[in-house]
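*Asks:* okay, here's the prediction I keep looking at, along with the sequence it came from:
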There are 2 protein chains.
Amino acid sequence: MTSWVRFLSKDGSVGFGLLEDDCVVEYRGNMFGDPEQTGGRRHLDDVTLLSPCVPTKVVALWNNFHALAEKLGKAAPVHPLFLIKPPMSVIGPGAPIRRPRAYRGKIAYEGELGIVIGQRCSNVAVDEADRYIFGYTCINDVTAVELLDEDPNFAQWCRAKGFDTFSCIGPAIRCDFDWRAARVATRLDDTERQNYPLDDMIFSPAQQVSLLSQDMTLMPGDVIACGTSIGVGSIKDGATVTVSIDGIGSLSNTLAATGEQ
Amino acid sequence: MTSWVRFLSKDGSVGFGLLEDDCVVEYRGNMFGDPEQTGGRRHLDDVTLLSPCVPTKVVALWNNFHALAEKLGKAAPVHPLFLIKPPMSVIGPGAPIRRPRAYRGKIAYEGELGIVIGQRCSNVAVDEADRYIFGYTCINDVTAVELLDEDPNFAQWCRAKGFDTFSCIGPAIRCDFDWRAARVATRLDDTERQNYPLDDMIFSPAQQVSLLSQDMTLMPGDVIACGTSIGVGSIKDGATVTVSIDGIGSLSNTLAATGEQ
């Protein structure tokens, strides 16, 4: 099992390494290149995990699960439907989701699988796409849902999903991961709200990388949020969302209570 | 007149500096910080201009001019309507626009004013927004128009406008610029297709920076494409689009002929 994490040490430095039991075996260099061990080892209690990568963009898919498409009465798309979330939207495990200052409406969670790109690529063939996938992570793709249709002429996907802290990513990037056998489970505080199988995806990870790489060059550390399935709901201020995928881990983030803005 | 450019030298190095007649007075350090003169000076004939900044995101507005809103029969929005274009979509003056490999449809130009952010900012008040604006540039916001409504359930703004080479930016960033008195003129080969006044904008640059900074943190070098007005049209393969704004300069890019892919 190979799971990469990034972390903040108590001395303020940022590092990365491989998970081993309750520790991080430290590496230096380029996580996506040929990193080397530093010889250091940190206990997880002594570090704060960060988002495991620093994407130049998060490509977030809409309508990529048969079960949700059926529930919404939407046909399966012929090409991945996506929006782009900016780098500043990314936070790591445990970091608070912040309510936008001028927005008092509903904020929704979406538990998702995330694909992490390992090598710069464009126009990749489907049968070669796996080599550009570094690994997989958990995502909570957060949405200020009442902004989506605020304007009758223009669906505001980038605005509703692009706020700072609205792309929760982590806790780790699992490299040797069989998504076909895995499920995404999302808990809102103590209640499970989503539990869906990844093999219900319309576009597989390899198809996503291939087709999206025809739309834009994908860069190391870029993240594709594979879309969500049934069970999406809203988060009350102060509530915690935990997205869990067996073999990757659990990603928990709390929507900061308004007083904590 | 203070106009910053970035350039590629014949030796392969990337530099930046201030335009002075036919030369670039070279600087080093951070363009948005406190750069210092190197003492070097390059003739424009000896360098290739690049996009004058390297944005972490391009925020592209839709429906921001009264004349175009009226022509399309759309109400003015209450908040800037935008999509996000990824960093890899950016090219500089003279660089070719590339037709996506699998797309044979119409490709449209949109001549626009670009705002270049100078300082990291969020939740900026309108009357303080100007201090976060480093300067202004020309933009050709390119669109693969036939993809926009390809799916009946999801307008594909990010896909149609996010392809590599679809954000042409330059030639320079003009710092001391009065947008109120300026016009955007767009030529397709030798024919003028757009010529509209910037004072017809629905959201002024200061309002854009203020309102968008409530949606996301803006970073130094980020670019806001202010939206276009009437006269948008399609570019034939091999045709050249030139966006000119008096006081900033002219930005020319050719849609590469198919054989040159």
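*Replies:* Looks like it came in fine.

*Asks:* show me what contacts A:L44?
*Replies:* A:22-24 (Cβ atoms under 8 Å, 6 or more residues apart in numbering or on different chains). Quick note: C-beta positions are derived from backbone N, CA and C, even for glycine.

*Asks:* does A:A155 sit in a helix, a strand or a coil?
*Replies:* Here A:A155 is recorded as coil under DSSP: H, G, I helix; E, B strand; the rest coil.

*Asks:* for it, give me the backbone phi and psi.
*Replies:* The phi/psi pair for A:A155 (degrees, to the nearest 10) reads phi -70, psi 120.

*Asks:* returning to what we had before: most surrounded residue in the contacts of A:L44?
*Replies:* Within these, neighbour counts (other Cβ atoms under 10 Å in any protein chain shown) peak at A:V24, which reaches 26 neighbours.

*Asks:* residues in contact with the residue most central in space within chain A?
*Replies:* The residue lying closest to the centre of chain A (Cα atoms, centre = their mean) is A:I139, at 2.7 Å. By Cβ under 8 Å, 6+ apart, A:I139 lies in contact with A:110-114, A:167-169, A:223, A:225-226, A:243, A:251.

*Asks:* swap the cut-off to 7 Å and go again
*Replies:* Shown in contact with A:I139 (Cβ atoms under 7 Å, 6 or more residues apart in numbering or on different chains): A:112, A:114, A:167-169, A:225, A:243.

*Asks:* out of those residues, list just those in strands.
*Replies:* A:112, A:114, A:167-169, A:225, A:243 (DSSP state E).

*Asks:* buried among those? Need that as a selection in ChimeraX.
*Replies:* Here is the ChimeraX command that selects only those of the ones in strands among the contacts of A:I139 that count as buried (16 or more other Cβ atoms under 10 Å in any protein chain shown):
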select /A:112,114,167,168,169,225,243
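
*Asks:* possible to save the ones in strands among the contacts of A:I139 as JSON lines with distance to B:C121?
*Replies:* Below are the ones in strands among the contacts of A:I139 laid out as JSON lines (distance: Cβ to Cβ, whole Å):
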{"residue": "A:E112", "distance to B:C121": "30"}
{"residue": "A:G114", "distance to B:C121": "28"}
{"residue": "A:S167", "distance to B:C121": "20"}
{"residue": "A:C168", "distance to B:C121": "23"}
{"residue": "A:I169", "distance to B:C121": "24"}
{"residue": "A:A225", "distance to B:C121": "26"}
{"residue": "A:V243", "distance to B:C121": "31"}
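
*Asks:* next secondary structure after the helix or strand hosting A:E26?
*Replies:* A:E26 is part of strand A:23-28 when elements are defined by DSSP states H and E. Sequence order places strand A:36-43 as the next helix or strand after strand A:23-28, per DSSP H and E.

*Asks:* tell me which strands that following strand pairs with, and in which orientation.
*Replies:* strand A:23-28 (antiparallel) (DSSP bridges).

*Asks:* around chain B, pick out the residues from the stretch 1-150 of chain A.
*Replies:* Taking Cβ under 7 Å from any Cβ of the partner chain, the part of the stretch 1-150 of chain A that reaches chain B is made up of A:56-57, A:62-63, A:74, A:77, A:81-84, A:86-89, A:100-102, A:122-123.
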